[in-house]
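Novice: Build the 3D model from these lines:
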Amino acid sequence: MRWSWHSLAAVATAMLIGIGAGRADDATIRSGYALGPASCGDGALAFPRLQIDMKPGFCAGLVASRDDGLRFPRGIVQIPGHRLFVIADMGGWGHDDGRLLILDPAAPAGQRLREAITRLSYPFGLAAGPDGKIYAATDTSIFRFDPLASNPKATIETIIRDLPGRRLTLPDGTRLSESAHPLKAFAFDRTGRLFVNIGSPSDNCLSQAPITQPCAAGEGTSALAAIWLFTPPTGSVFAALKSGDPSPPHEVYARGLRNSMALALHPRFPDPGTALLQGENARDLQDVFAPNEEINAIEQGRHYGWPYCYDLTTPSPEFKRVLQSGALKNLCNTTTLYKQPWSLLPPHGAPLGMLYYTGDRFGELKGRLLVGLHGYRPTGSRLLAYEVDERGFPKVSPAPVRYHVSCAAEPTRAFQTAAGPAPAAAFDEIITGWHRVNGIRPQGAPVGMTVADDGAIWLVEDKNQTVIRIDHTDEAAPEPLPCDTRSDQLIDRLAALVLDDAAGRARLAMVRKNLIEKHCRGCHSDFGLEAGQSDRDNDLAVLRFMLAQDGWIYPGDPEAGRLRQRLRGLGAERQMPPGADLIKTEPGYAKLLDVADDLVARLVPGTRMRVKAGGPPHRKFFAADGRECGDIPFGKIVVVTERSAVNKPGFSRLFRPADTYLNGTCTDDDGYYIQQQFLVPL
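Specialist: So this is what the prediction gives:
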């Protein structure tokens, strides 16, 4: 049944390519998106239309991509009174790779971005301040500057410094060289007060069991996992700090918030009863559908649960003793200190952007709350719109309330907690499907958002390095694009190749025991490991889990996969596990990572070869019947299973190439072939 479903999906995909973007081999590829002749927007603001599944009446245009020099865009804001935008581009997780960029959307393609300020540490938050100037954040400071000046860097005025950043000393004296959540989102209210996210230094504040003391990082007058409030002097504008000036005083406005990357203030806030909302990236559990993310209604002095409570009232089992006595006794069930979430969000959705829509372009969105979900799980990669009451709070409905799950046998699920079905605020989806579709688009990961002065919605998307503009369209919405994930049959085939090879089994066992079980399990997932399983079953579970993740492993080419990038902290990928440089501190760890690379490189029997450079930047590859299956860039490593294909003279047969280079019309049964002359030995 699965194979027949995928066959239908492939046919539908091929049809959609032909209708929406012309022939696949005629489409321009930018940041992994196939762009055809269709556009989104009008005049100077007409951009190539992305084939993203969207609510009828909406379209998305690609403004800028990695081809324009974007590396790791995280924030966006329009310069008041101008057509230009400021982009916060972190560059990666290197400590001084960040930049602020000026985007001119009316400039010709390829000339829309220029650098304003460079060598910044983790720039993330951006806002137009009460004085109309642009404010930006690093991991330890907030400053304003003039983006229109000939030398924007010379106009920098720091207003807050010495915030808890990537390097920390916790209240108990513990020193951290890398905080888990150092990025600073911030928001002004209309009186000029400034609310700043101070993320938790770890995922769950876990220490050696049994835990008998409260989480030190979340306590005190400078608590982490909190929102800090800074109040300006008379005039609603913070003074520029001179050398040696202390940072202005702060108060802990609310605590127990793991990472407040998404903050939204109702336009009338702080009028009594109006909303200050936070999107919570909740604790990580191995279950794809637990726990839920949260929308919190922030009130001064309240505690929002981290690390003691999650979902609505579920206590964290690790803190059982802490919750039995003392100031935190029964925290998760009391309303005097703890305030449970206003509404649940889809689990592992990872809200990184949130705002109220105040524009006039989309009448149906007027006043609504927009939330972008960045998460890579099937519940993420989408843009939500909530109906709110007159005070700005999402309207909560009784259980069951359902949310969508991409590429799943059960396409919707009801919100629930350990106690059963839960009430939640229902939402519309503006972007409804942003899962990966071979040859058409990659998976989307929205971060910062803003509403332009013309009412269009702009967002930055960091996984594929893009700036996207959302506009109206009168065209009928196309049918949703099908999913094209690595099938269970292909995963079974790859697993068998490893487990049937003694050397492959040894490499897998070493990675499972010394890497996954020791450093990775329990952080984001249990990798399918269960008590009582045999070593072979555990090896199989770990391998199947890794093969099922989007982009983690490309057989034969370890350098192309996210597994290697995350383990080594390469490019824009943050090193995992966070907060520990195990390559330097753990004997044998560097060699272990080499074994993991070797496991991927030798996953499929054959000869590893490289696509030859010279001439066009891509080489076409084909199915056995001559159909074009896609293009592979020169320099790409492939596994050659037949150097001289017996049924296709002059060609070599490849194992399935990286999914990003498939056009969706070929299947594994067809095989993949490339001309022998285009392959060279490693």
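
Novice: Can you point out the buried residues in stretch 169-188?
Specialist: 170, 176, 178-188 (16 or more other Cβ atoms under 10 Å). Where C-beta positions appear, they are placed from N, C-alpha and C, glycine not excepted.

Novice: right, I mislabeled it, should have said stretch 535-555
Specialist: Under the neighbour-count criterion of 16+ other Cβ under 10 Å, stretch 535-555 has 538-547, 550-555 buried.

Novice: now do stretch 265-285
Specialist: 265-266, 269, 274-283, 285.

Novice: just stretch 355-367 next, same as before
Specialist: For stretch 355-367, by 16+ other Cβ under 10 Å, it's 355-357, 361-362, 365.

Novice: send the alpha carbons of that stretch over as CSV?
Specialist: Taking C-alpha atoms only, stretch 355-367 is exported to CSV below (Å, rounded to 0.1, in the frame of the first residue of the first chain):
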residue,chain,number,x,y,z
LEU,A,355,3.1,39.1,16.3
TYR,A,356,-0.3,40.7,16.0
TYR,A,357,-1.3,41.5,12.5
THR,A,358,-1.9,45.3,12.4
GLY,A,359,-1.9,45.8,8.6
ASP,A,360,-4.8,46.4,6.2
ARG,A,361,-3.7,44.2,3.3
PHE,A,362,-5.4,41.1,4.7
GLY,A,363,-8.8,42.0,6.2
GLU,A,364,-9.4,38.5,7.4
LEU,A,365,-6.2,38.6,9.5
LYS,A,366,-6.9,42.1,11.1
GLY,A,367,-6.0,41.9,14.8
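
Novice: Over that stretch, what's the mean pLDDT, rounded is fine.
Specialist: Here stretch 355-367 scores 96 as its mean pLDDT.

Novice: Show me the contact partners of it.
Specialist: Stretch 355-367 is contacted by residues 57-58, 264, 266-267, 368-370, 385, 388, 392, 430, 449-452, 454-457, 471-472 when judged by Cβ atoms under 8 Å, 6 or more residues apart in numbering.

Novice: which of those count as buried?
Specialist: 58, 264, 266, 368-370, 385, 388, 392, 430, 449-452, 455-457, 471.

Novice: Restricted to helices, list the buried residues of stretch 535-555.
Specialist: 538-547 (DSSP state H).

Novice: isn't R566 right next to M576, touching?
Specialist: Yes - the criterion here is Cβ atoms under 8 Å, and R566 meets it with M576 at 4.5 Å.

Novice: Identify the bridge partners of F188.
Specialist: L194 (DSSP bridges).

Novice: and the gap between it and G132?
Specialist: 11 Å (Cβ to Cβ, to the nearest Å).

Novice: How about D597?
Specialist: On the measure of Cβ to Cβ, D597 and G132 end up 51 Å apart.

Novice: So which of those two has more stuff around it?
Specialist: For D597 versus G132, the count of surrounding residues by other Cβ atoms under 10 Å is larger for D597: 20 against 10.

Novice: next structured bit after the helix or strand that contains that one?
Specialist: Per DSSP states H and E: D597 is located in helix 589-601. Counting by DSSP H and E, the element after helix 589-601 in chain order, helix or strand, is strand 607-611.

Novice: list the helices and strands the helix or strand following that next one packs on?
Specialist: Counting by DSSP H and E, the next helix or strand C-terminal to strand 607-611 is strand 618-622. Here strand 618-622 touches strand 628-633, strand 672-675, going by 3 or more Cβ pairs under 8 Å, 6 or more residues apart in numbering; DSSP states H and E.

Novice: List the buried residues in strand 618-622.
Specialist: 618-619, 621-622.

Novice: Serialize those to JSON lines and add fields for distance to S247.
Specialist: What follows is these, written out as JSON lines (distance: Cβ to Cβ, whole Å):
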{"residue": "H618", "distance to S247": "52"}
{"residue": "R619", "distance to S247": "56"}
{"residue": "F621", "distance to S247": "57"}
{"residue": "F622", "distance to S247": "62"}
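
Novice: got a list of what the closest residue to H472 other than its chain neighbours touches?
Specialist: Nearest residue to H472, sequence neighbours excluded (Cβ to Cβ, 6 or more residues apart in numbering): G57, at 6.1 Å. Shown in contact with G57 (Cβ under 8 Å, 6+ apart): 364, 472-474, 477.
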